[in-house]
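S.K.: Attaching a predicted model along with its sequence, questions to come.
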Amino acid sequence: MDEKRISYHPSVLRAYERIKRDGITNIWDRYEAQGLGGDPDRRCPFCQAGTRCDLCSNGPCRADASTGKRGVCGITADGMAARMSLLRNILGASTYHYHTEQTIKTLRATAEGKTMFEIREPGKLRNFAERLGVDVSGPIDEIALRLCDFVESDFNRSYTEPSQIVRALAPEPRQELWRRLGIFPGGIYGELLLATSSCLTNVDGYYVSLSLKAMRLSIAMAYQSQIVNEFCQDVLYGIPRPHRMRVDLGVLDPDYVNVLPNGHEPFLGFALVQLARRPEWQERAQAAGAKGLRVIANIETGQEMIQRCEMDDVFYGFTGNWIMQEAVLASGCVDLFAADMNCSMPIDPLYAQRYKFKLVPVSELVAFEGVEDRVNYDPEKAEQQAAQLLQMAIDNFRERKASVEPIFGLPTREAVVGFSTESILEALGGTLDPLLEAIKRGTLRGVVGLVSCTTLRDHGQDVHSVALAKELIKRDLLVLSMGCGNAAMQVAGLCSPEAKELAGPGLRKICEALKIPPVLSYGTCTDTGRLADLLAEISKSLGGVDISDLPVAAAAPEYMEQKATIDAIFSLALGLFTYVNPIPTVTGAPSLVKLLTCDCELVTGGKINVEKDPVKAADAILAHVESKRKKLGI
């Protein structure tokens with residue numbers, strides 16, 4: 001494929017050349033090989049349209065709305081596509097909540113004094129507990145335990161019992177709407193049960209009903225899984241605050257022992273940094289012949305870490321997002337790759353064998369064929385487990401250094417990371433008023449939450465995300481970036497103060513006044529809930545304006561997997577204009593397409609927009625923002 005179909009980033013292109021020379025299978029060649037007729041983006045037309053089902057032994061079935069062709073059971077093309085979409089959403093919600101369970105387990109064990117961690121943000125713990133109606137009297141550890149009890153009880157409510165977390169956190173106008181629509185959720189486990197059972201053959205084949213159940217599940221996920229997860233991680237590891245961070249593949253130095261925590265759960269990543277900063281571990285690395293020991297952040301685990309943790313010569317920097325994983329591993333600099341939940345690839349053992357690093361799953365969810373090492377995260381054993389991983393990396397150094405030729409001269413740049421609701425408020429003097437005044441005056445037209453992955457569909461890695469972000473900031477739209485798409489912004493330089501030169505005059509003025517970049521690094525995909533909470537604060541500050549009437553939008557210019565689809569459905573439930581690319585696999589379901597792109601706006605205020613061209617996509621987002629400004633009279 002052409003270079004533009006590989007990646008936006010020169011560092012990845014360099015690594016790709018090395019992988020090709022070494023004759024190793026890679027994600028770009030595998031993607032191209034999946035295409036039909038020489039077109040890497042052309043696949044089975046029924047699969048691309050979402051109208052293929054193999055859930056029962058009568059299948060696989062294919063449906064065609066244009067001819068009235070149904071599945072053997074009689075399900076329509078719309079029902080088939082909606083059911084497959086809901087199944088993807090179930091996978092995404094379930095995985096989000098697995099992360100949350102691990103966070104609550106860690107917070108509980110920490111409050112009981114059984115881990116190496118501490119409650120770093122007692123103020124946030126008290127504030128969050130108070131918002132939920134939890135008793136905040138007594139020692140901070142007791143408050144933490146009461147919070148854990150409260151959220152776990154809410155998680156386990158039946159789907160017929162309204163969630164107390166959603167009641168406490170969601171804006172009242174949205175709650176009223178969700179009750180009218182019958183989509184106010186119960187506990188997340190009950191919602192998963194309801195949604196999964198609805199997808200069984202011959203149970204629910206109605207695209208509207210399936211879509212409403214997806215919305216119910218998404219609301220439960222956003223408030224119970226995402227907000228609880230991120231706020232409790234803040235309590236344990238610190239509220240994100242702006243600071244500089246080295247990014248891109250140049251952070252990998254072959255003369256150091258390099259330990260790379262990877263995935264979505266940062267617990268062992270933080271433990272590794274704590275230990276690696278101790279002199280005795282640096283001395284062990286030096287005794288093995290290395291200049292020292294470094295922890296290098298990757299993907300979403302890396303985003304969780306870099307938002308909260310200052311860089312130094314031990315926690316050295318961040319590589320990038322998931323598609324460049326093979327480029328990272330082929331750099332010849334990796335000694336240990338700790339694979340926690342999500343975003344470690346089945347091909348990794350082949351790279352471990354070729355480039356001589358230790359590949360170690362650290363979550364019971366993750367498994368690789370042929371890999372025997374395993375350290376399943378246990379909060380009470382985090383210190384011992386981190387020490388075990390560091391020692392494995394040090395023991396690996398000599399063999400890797402002697403047998404693998406590294407790639408030299410890869411680029412590095414600095415990004416400003418660590419924006420959160422609290423740090424944005426701090427930058428604005430403790431109130432949202434300056435931001436709101438800038439929007440009212442028109443200096444800033446609006447805000448776009450870029451919640452995205454990265455994918456090879458239609459474009460190379462991060463090519464479309466970067467192009468869209470540049471178009472948005474050019475139109476004086478402030479971008480809050482989350483997920484793997486956040487890494488795209490960081491490595492491409494859009495999270496650097498110098499990027500203000502790419503912004504429109506109004507946004508540039510704000511960047512200069514507040515000394516911020518035009519794209520604010522706002523975290524991971526799990527921060528979608530945090531963004532919803534920020535929008536609720538903006539709504540409240542404007543006198544209770546419903547979120548659907550705010551001059552804001554959501555954008556997923558390169559969504560990839562199941563967690564992204566449940567985020568998009570929540571965005572619709574929240575009432576947001578939601579731009580997604582590539583085009584979702586529902587195009588063979590005309591009634592479902594109409595529901596998502598038109599009819600939904602009449603019900604929740606949200607709708608899906610799809611547009612492959614980044615200029616036209618940015619124009620559509622701006623047009624939506626301007627329509628909301630007009631409605632508000634600003």
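M.R.: Sure, I can see it.
S.K.: Give me the most central residue, the chain.
M.R.: Centroid-nearest residue in the chain: Cys525, 1.9 Å away (criterion: Cα atoms, centre = their mean).
S.K.: Quick check: closest non-adjacent residue to that one.
M.R.: Gly483 (3.9 Å; Cβ to Cβ, 6 or more residues apart in numbering). (Glycine included, C-beta is placed from N, CA and C.)
S.K.: Please apply the same query to Ile219.
M.R.: Pro185 (5.0 Å).
S.K.: and if you look at Gly504?
M.R.: Nearest non-adjacent residue to Gly504 (Cβ to Cβ, 6+ apart): Asp476, at 3.8 Å.
S.K.: Need the phi and psi values for that neighbour.
M.R.: As for Asp476, its main-chain torsions (degrees, to the nearest 10) stand at phi 60, psi 40.
S.K.: circling back to that earlier point, in this structure the residue nearest to the centre of the chain contacts Ala564, no?
M.R.: Yes - between Cys525 and Ala564 a contact is recorded at 7.0 Å, counting by Cβ atoms under 8 Å.
S.K.: so what sits against both of the two?
M.R.: Common contacts of Cys525 and Ala564 (Cβ atoms under 8 Å, 6 or more residues apart in numbering): Val451, Cys453, Gly483.
S.K.: could I get the residues you listed as TSV with pLDDT and distance to Asn396?
M.R.: Output for the shared contacts of Cys525 and Ala564, formatted as TSV (pLDDT from 0 to 100; distance: Cβ to Cβ, whole Å):
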residue	pLDDT	distance to Asn396
Val451	95	36
Cys453	95	30
Gly483	95	31
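S.K.: Name the nearest of these relative to Gly543.
M.R.: Nearest to Gly543 among the shared contacts of Cys525 and Ala564, counting by Cβ to Cβ, is Val451 at 26.7 Å.
S.K.: which residues touch that closest one?
M.R.: Counted by Cβ under 8 Å, 6+ apart, Val451 has contacts 482-483, 485, 525, 527-528, 531, 554-556, 564, 567, 571.
S.K.: per-residue pLDDT, Ser591?
M.R.: Reading off the confidence values, Ser591 has pLDDT 98.
S.K.: can you confirm it is in a helix?
M.R.: Yes - Ser591 forms part of a helix when assessed by DSSP: H, G, I helix; E, B strand; the rest coil.
S.K.: which ones are touching it?
M.R.: By Cβ under 8 Å, 6+ apart, the residues touching Ser591 are Ala65, Asp78, Tyr207.
S.K.: For it, give its distance to Pro582.
M.R.: Using Cβ to Cβ, to the nearest Å, we find Ser591 at a distance of 21 Å from Pro582.
S.K.: Counting neighbours, what do you get for the spatially closest residue to Lys470 that is not a sequence neighbour?
M.R.: Of all residues not flanking Lys470 in the chain, Leu502 sits nearest, at 5.8 Å (Cβ to Cβ, 6+ apart). Other residues within reach of Leu502, judged by other Cβ atoms under 10 Å, total 18.
S.K.: For Leu502, list the residues it contacts.
M.R.: Lys470, Ile473, Lys474, Leu494, Pro518.
S.K.: On the pLDDT front, check it for me.
M.R.: 98.
S.K.: hmm, back to that, report the contact partners of the residue nearest to the centre of the chain.
M.R.: Counting by Cβ under 8 Å, 6+ apart, Cys525 has contacts His264, Glu300, Val451, Cys453, Met482, Gly483, Cys484, Lys563, Ala564, Asp567.
S.K.: Assign the fifth one to helix, strand or coil.
M.R.: Following three-state DSSP, Met482 is assigned to strand.
S.K.: Please apply the same query to the first one.
M.R.: The three-state label for His264, taken from three-state DSSP, comes out as coil.
S.K.: pretty sure it contacts Thr524?
M.R.: Yes - using Cβ under 8 Å, His264 is in contact with Thr524, at 7.1 Å.
S.K.: Overlap in contacts, the two.
M.R.: With Cβ under 8 Å, 6+ apart as the test, His264 and Thr524 both reach Glu300, Glu304.
S.K.: could you dump the shared contacts of Cys525 and Ala564 to a markdown table with distance to Ile439?
M.R.: Below are the shared contacts of Cys525 and Ala564 laid out as a markdown table (distance: Cβ to Cβ, whole Å):
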| residue | distance to Ile439 |
| --- | --- |
| Val451 | 20 |
| Cys453 | 28 |
| Gly483 | 24 |
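S.K.: wait, which of those is closest to Thr578?
M.R.: Val451 (9.2 Å).
S.K.: Which residues does that closest one form beta bridges with?
M.R.: Met482 (DSSP bridges).
S.K.: How much space separates it from Leu576?
M.R.: According to Cβ to Cβ, Val451 and Leu576 sit 10 Å apart.
S.K.: counting contacts, what elements does the host helix or strand of Phe150 pack onto?
M.R.: For Phe150, the host element (DSSP states H and E) is helix 140-155. When contacts are defined as 3 or more Cβ pairs under 8 Å, 6 or more residues apart in numbering; DSSP states H and E, helix 140-155 packs onto helix 77-111, helix 122-131, helix 164-169, helix 228-237.
S.K.: Name the surrounding residues that touch the second one.
M.R.: Contacts to helix 122-131, defined as Cβ under 8 Å, 6+ apart, come from residues 119, 135-136, 140, 143-144, 146-147, 150, 168-169, 231-232, 234-235, 239, 422.
S.K.: The shortest one now?
M.R.: Contacts made with helix 164-169 from outside it, assessed by Cβ under 8 Å, 6+ apart, are listed as 131-133, 150-151, 154, 157, 175, 184-185, 219-220, 223-224, 227-228, 533, 536.
S.K.: Excluding sequence neighbours, find me the nearest residue to Pro173.
M.R.: Asp546 (4.4 Å).
S.K.: residues touching Glu161, list them.
M.R.: So Glu161 contacts Gly186, Gly187, Gly190 (Cβ under 8 Å, 6+ apart).
S.K.: Go again with 6 Å.
M.R.: By Cβ atoms under 6 Å, 6 or more residues apart in numbering, the residues touching Glu161 are Gly186.
S.K.: Mind checking what secondary structure it has?
M.R.: coil.
S.K.: go on, Asn342?
M.R.: Going by three-state DSSP: Asn342 is coil.
S.K.: what about it, how many neighbours?
M.R.: 23.
S.K.: Could I get the contacting residues of Pro614?
M.R.: By Cβ under 6 Å, 6+ apart, Pro614 lies in contact with Ala467, Leu468, Glu471.
S.K.: No more questions from me, cheers.
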